[in-house]
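1. Here's a sequence, model it:
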Amino acid sequence: MTRPLVSPRPATVLAMSADTRAAVLRGRALDELLRVADVDPALLLTDFARPGPELGGRLARVEVLFTGWGCPVLDAEALRRMPRLRAVVHSAGSVKGHVTDACWERGLLVSSAAAANALPVAEYTLAAILFSNKRVLAAAHAYRAARGPVDPLARYPAAGNYRRTVGLVGASRTGRRVLELLRPFDLRVLVHDPYADPAELAPLGGEACGLDELLGRSDVVSLHAPELPGTRGLLDASRLALMPDGATLINTARGSLVDTAALTRELVTGRLHAVLDHTDPEVLPAGSPLYDLPNVLLTPHVAGSLGGELDRLASVAVEELERYARGAGFRHPVDPGRLSYSA
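-> Residues are numbered from 1 along each chain as shown. Take a look at the predicted model:
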């Protein structure tokens with residue numbers, strides 16, 4: 001059964017890259033967007049300075065920008081072209097790449113699908129934690145090399161997830177989702193986040209503690225902190241040295257949180273293990289030893305939404321636009337007061 005059009009449908013313009021539009025707005029998601037918004041999906045805004053004649057006219061009356069990866073920066077000059085703009089609905093995670101102070105000064109309402117994007121990252125992290133404690137990566141390499149019997153009890157006497165300690169650095173959306181996913185397992189979970197209330201973490205199964213203590217006590221450390229001036233190089237050589245022999249570092253956050261050279265030195269010795277979906281630089285040089293180390297799993301930024309998971313991002317964003325059209329508040333509003341310490 002076809003659902004009725006929302007009335008009135010707010011004048012909306014797509015602002016994202018062509019690749020993003022093709023990946024995120026397809027099938028049912030596009031049908032739903034057309035139902036709730038007055039939007040031409042063939043028109044795509046990729047440059048506010050040169051929008052073209054058709055988009056120029058629409059910008060003069062646009063009420064909502066439906067944004068995604070590749071959206072140009074919404075600075076004061078761009079906003080002057082959109083005198084009726086009232087809201088920005090982002091079909092991805094962080095809005096820091098395009099929402100500027102000028103947007104908040106205008107009083108724009110901003111929504112993000114960051115909560116939806118946190119889900120696959122948390123699922124990746126859960127898998128990485130369980131596989132790391134089980135020594136799955138090392139066992140696979142050993143089996144491949146031996147091409148014959150491998151005795152896992154002799155090789156990995158401490159392997160397993162029973163009563164191991166996991167440390168989460170950052171009680172972000174993703175960090176909290178990881179906490180929830182870890183609850184069924186016999187694991188102790190430590191959390192470090194200077195902005196989190198310990199009383200909120202306890203019901204989720206997390207024990208608040210300092211960063212150095214977390215590093216020293218954890219069998220697996222997983223990073224979920226935002227990229228901020230104060231978090232660049234958060235795990236430097238001295239902090240990496242606090243991690244116990246055989247511990248695993250998981251990074252699905254940002255590569256800049258870790259001193260790459262210091263981590264490489266630790267990993268080359270074999271003292272630590274790592275699962276790295278983000279590195280600094282984002283793509284390591286071809287000569288980096290991390291590509292070939294048996295104690296390192298490198299993935300090319302796959303923890304976030306991919307494939308069918310992009311449909312979830314689109315669905316959340318379209319639902320937010322529909323709420324706006326009905327005069328309801330956003331379910332996932334962006335709070336400008338939190339942007340200084342969040343992603």
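2. Ignoring the adjacent residues along the chain, who's closest to residue 25?
-> Leaving aside its chain neighbours, residue 25 sits nearest to residue 314 (6.0 Å; criterion: CB to CB, 6 or more residues apart in numbering). Every C-beta, even on glycine, is put in place using the N, C-alpha and C of the backbone.
3. Just the mean pLDDT for whichever helix or strand the one you found is part of, thanks.
-> In the assignment (DSSP states H and E), residue 314 maps to helix 309-325. Averaging pLDDT along helix 309-325 yields 95.
4. go on, stretch 255-271?
-> 98.
5. what's the answer for stretch 194-209, then?
-> Throughout stretch 194-209, pLDDT has a mean value of 92.
6. buried sites along that stretch?
-> 196, 201, 204, 205, 206, 208, 209 (16 or more other CB atoms under 10 Å).
7. And stretch 16-29, by the same measure?
-> 16, 20, 21, 23, 24, 25, 29.
8. Would you reformat those as JSON lines and include secondary structure?
-> Below are those laid out as JSON lines (DSSP: H, G, I helix; E, B strand; the rest coil):
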{"residue": "16", "secondary structure": "coil"}
{"residue": "20", "secondary structure": "helix"}
{"residue": "21", "secondary structure": "helix"}
{"residue": "23", "secondary structure": "helix"}
{"residue": "24", "secondary structure": "helix"}
{"residue": "25", "secondary structure": "coil"}
{"residue": "29", "secondary structure": "helix"}
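9. Tell me the one of the residues you listed nearest residue 151?
-> Of all the buried residues of stretch 16-29, residue 151 sits closest to residue 23, with 45.4 Å by CB to CB.
10. Name the surrounding residues that touch the helix holding residue 314.
-> For helix 309-325, the external contacting residues (CB atoms under 8 Å, 6 or more residues apart in numbering) are 6, 8-10, 12, 23-29, 32-33, 36-37, 64, 66, 87, 89-92, 109, 111, 113, 115-117, 119-120, 305, 329-332.
11. What subset of those residues is buried?
-> Looks like the contacts of helix 309-325 have 6, 9-10, 12, 23-25, 29, 32-33, 36-37, 64, 66, 87, 89-92, 109, 111, 113, 116-117, 119-120, 305, 330, 332 buried, using 16+ other CB under 10 Å.
12. Next, count neighbours for residue 301.
-> Residue 301: 13 surrounding residues under other CB atoms under 10 Å.
13. thinking it is in contact with residue 283, fair?
-> No - if you go by CB atoms under 8 Å, residue 301 and residue 283 don't touch, sitting 9.1 Å apart.
14. Can I get the lowest-mean-pLDDT helix or strand in the chain as PDB, trimmed to CA atoms?
-> Ranked by mean pLDDT, DSSP states H and E, the helix or strand of the chain with the weakest confidence is helix 53-59, at a mean of 84. This file holds the C-alpha atoms of helix 53-59, laid out as PDB (Å, rounded to 0.1, in the frame of the first residue of the first chain):
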ATOM      1  CA  PRO A  53      20.800  28.200 -13.000                       C
ATOM      2  CA  GLU A  54      18.300  25.500 -12.000                       C
ATOM      3  CA  LEU A  55      19.700  25.000  -8.500                       C
ATOM      4  CA  GLY A  56      20.200  28.700  -8.000                       C
ATOM      5  CA  GLY A  57      16.400  29.300  -8.300                       C
ATOM      6  CA  ARG A  58      15.700  26.400  -5.900                       C
ATOM      7  CA  LEU A  59      18.200  27.700  -3.300                       C
END
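15. From the contact counts, what lies against that helix?
-> strand 12-15 (3 or more CB pairs under 8 Å, 6 or more residues apart in numbering; DSSP states H and E).
16. which secondary structure elements does the strand it packs on contact?
-> strand 44-45, helix 53-59, strand 64-67.
17. The shortest one pairs with which strands?
-> Okay, so that is strand 44-45. Strand 44-45 has the following sheet partners, assigned by DSSP bridges: strand 12-15 (parallel).
18. what do you get for the last one?
-> In its sheet, strand 64-67 lies beside strand 12-15 (parallel), strand 87-90 (parallel), with partners assigned from DSSP bridges.
19. Just the residues contacting the last one, thanks.
-> If I follow you right, that is strand 87-90. 10, 63-68, 71, 74, 95, 98-99, 103, 108-113, 317, 320-321, 324, 334.
20. ok, 6 Å please
-> Residues outside strand 87-90 that contact it (CB atoms under 6 Å, 6 or more residues apart in numbering): 64-67, 108-112, 317, 320-321, 324.
21. Just give me the neighbour total for residue 84.
-> 12.
22. what's the spacing between it and residue 61?
-> Distance, residue 84 to residue 61, by CB to CB, to the nearest Å: 6 Å.
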